[in-house]
Structure formats: C-alpha cells, structure tokens
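got a predicted model here, sequence first, then my questions.
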Amino acid sequence: MTLRVERDEETGVAVVTLDREARHNAIDLETAAELSAVWREFRFAEEVRAVVLTGSGAAAFCTGIDRGVEVPQPASPYSADDPLIAIGPKAADLWKPVIAAVNGMACGGAFYLLGEAEFLIASTTATFFDPHTSYGMVSAYEAVYMAQRMPFGEAARMSLMGTAERLCAQRAYEIGLVSELTAPEELLPAALRAARTLAGFPTQAVQGTVRALWSAKQATLQQALAQAPALIALGNLPPERQADLFTNRSRTPRPRLR
C-alpha cells in the first residue's frame, strides 16, 4: 500500500496520506490506482463527510509522477494514456470537501490533486513549481489546473519557468493559491480543524455547495483539459531526451520570494 487512510467516525473526517516518503511521495501506478479507488470508496462511506489530503514526511507533499514509471503511448497525438488523469477526487465524482495540507515540495503532477481540492493550507516550508518545460515536456493538465486557481500571470510564470525557480509558501498565500499558512508542526492540526468544522455541518448542504462551486468553472476546465493530449503529444521531446535533461538537471533552483 502506498497510501495511509485514517478515519475518525466520531468527527466524520478521513485523512489520506501519500506514503512514499523515500520517493518524495511521487506517484507510481499503484499509488494512482489507490487514489482513484479511495475517492470512489468515499462516495459510499457515509461516515466520511470531509477529507484531509497530505504527504508523509516534511520534504514533500507530492513530486508528481514517479520518473521510473513507463507508460506506453499511442502514436496518435489525439489520444494519450495519462496515469494521473483519475487521481483527483472530482475525477471520481466525489463531492465531499477535500482540504489539501501541503508540506514541503508540491510540483508537477501534484497539481492534479491540488487542482481538485476545495482549498489549500500550507506549511511555511511549502514550495510550488512545475518542472515540465525544463525537461522538454508540455505542461498541459498541470497548467490548466493552476490557471483555475491562480492569477493567470502567476500560473504562466510557474508553468513556464520550470525548475529555474520555486513559488514560496508566502507568495502562494499572497496570490490566493493557499488560504492559510501555518508553522510545519501546525499544518495537520489546522487542516483537521477546518475539516471537522465542515464535517459537523449538514452533509447534503456541504456537498451541494461544493458541487455549486465547481459548476462555476467546470465547463471551462473540461474544455481546456480536452486539448491537453494533443498538445502533449505534439510538444514533448522524445522520452530519451527528457531523461537526459532530467539526469543533468540543476539542483539549485532560485526561490521566488516576491
């Protein structure tokens, strides 16, 4: 198992923890399948009324897809097999509120998860970045999700600047990506306080409000995501060139404080 799922039936809150600390909570095929399964399970779990999603350890919330995962792709640029496409709660038709507690790095494929959470609470040590362009890859799904949550210029800068810089927690809070900042040791307690509040309200009203909020942007989101497979197929470098760029990557990104 690559996830830890803890349920508190008394409060109605479940905590889902990405549990691959040694791999910076990167998502392999097993993790992707487990995430999809747990969201679908929560649809039928009446005792779960709110969810906190976080990562194990202090270094990373999630660093996207595990670079060791190989997914064969069809030749057509109009179809692609994306192992992360169904890892978020909305992809599983779950309309119970999900709060992301972001500890450490959140990058690349982590945005599939952050993009489908209701709101983010972050440790002051959290950083956000999108490495795709640095490795010759199109940031399509990730960029679309972040453009839905951030001012366009900020989403564009993060998507285009790759590994050259990281968005710090303070700046993420200032631009509205993060709704609350905490000390590292206060991150999970803060997320649990919010989740317990939501779980204590009438569940149909909460879920209806979640659905209403997402209906405001879902049509635009789906139209944008539909363009992603072709853009990725047309713009990505061959896998061997991506691997070469990744192997020779710089390990000294410049944090963007302001």
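Noted; the coordinates are in hand.

alpha carbons only for contacts and neighbour counts from here, please
Will do.

point out where the stretch 51-200 of the chain drops to low pLDDT.
For the stretch 51-200 of the chain, residues meeting the criterion pLDDT under 70 lie at 71, 73, 77-80.

show me where this structure has strands.
Under the criterion DSSP state E, the chain carries strands at the ranges 3-8, 13-18, 50-55, 60-62, 98-102, 105-107, 119-123, 127-129, 165-168, 180-182, 254-256.

for the spatially most central residue of the chain, which non-adjacent residue is spatially closest?
Closest to where the C-alpha atoms of the chain average out (C-alpha atoms, centre = their mean) is L113, at 2.7 Å. In this structure, L113 finds its nearest non-sequential neighbour in G88, 5.0 Å apart by C-alpha to C-alpha, 6 or more residues apart in numbering.

could I get the contacting residues of the one you found?
Contact analysis of G88 by C-alpha atoms under 8 Å, 6 or more residues apart in numbering lists L35, S36, W39, Y112, L113, E116, A117.

which one of those residues is nearest to E180?
Taking C-alpha to C-alpha as the measure, E180 lies nearest A117 of the contacts of G88, at 14.1 Å.

now the closest one: phi and psi?
phi -90, psi 160 (degrees, to the nearest 10).

same question, T2
Recorded main-chain torsions at T2 are phi -110, psi 0, according to degrees, to the nearest 10.

quick one: the closest residue to it other than its chain neighbours from G55, how far?
The spatial neighbour of T2 that comes closest, neighbours along the chain excluded (C-alpha to C-alpha, 6+ apart), is D19 at 5.1 Å. Distance, D19 to G55, by C-alpha to C-alpha, to the nearest Å: 6 Å.

looking only at neighbour counts, state which of the two leads.
Neighbour comparison, D19 and G55: the larger count goes to G55, with 27 against 23 (by other C-alpha atoms under 10 Å).

how near is A233 to D82?
Distance from A233 to D82, by C-alpha to C-alpha: 11 Å.

of these two, who's got more company?
Looking at A233 and D82 with other C-alpha under 10 Å, you find the greater number of neighbours at A233, namely 20 against 12.

how far off strand 98-102 does the longest helix anywhere in the chain point, in degrees?
Counting by DSSP state H, the longest helix found in the chain is helix 203-226. Helix 203-226 and strand 98-102 are oriented at 70 degrees to each other (axes from the mean of the first three to the mean of the last three C-alpha atoms, to 10 degrees).

for helix 203-226, C-alpha coordinates in CSV please.
Written as CSV, here are the backbone C-alpha positions of helix 203-226 (Å, rounded to 0.1, in the frame of the first residue of the first chain):
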residue,chain,number,x,y,z
THR,A,203,-23.7,16.9,4.8
GLN,A,204,-26.1,17.5,1.9
ALA,A,205,-25.8,21.3,2.3
VAL,A,206,-22.0,21.0,2.2
GLN,A,207,-21.8,18.7,-0.8
GLY,A,208,-24.4,20.8,-2.6
THR,A,209,-22.2,23.9,-2.0
VAL,A,210,-19.1,22.0,-3.2
ARG,A,211,-21.0,21.0,-6.4
ALA,A,212,-22.2,24.5,-7.0
LEU,A,213,-18.7,26.0,-6.6
TRP,A,214,-17.3,23.5,-9.1
SER,A,215,-20.1,24.1,-11.6
ALA,A,216,-19.0,27.7,-11.9
LYS,A,217,-15.8,26.6,-13.6
GLN,A,218,-16.2,23.0,-14.7
ALA,A,219,-17.3,23.7,-18.3
THR,A,220,-14.2,25.8,-19.0
LEU,A,221,-12.0,23.3,-17.2
GLN,A,222,-13.2,20.4,-19.2
GLN,A,223,-12.9,22.3,-22.5
ALA,A,224,-9.3,23.2,-21.6
LEU,A,225,-8.3,19.7,-20.4
ALA,A,226,-9.7,18.2,-23.7
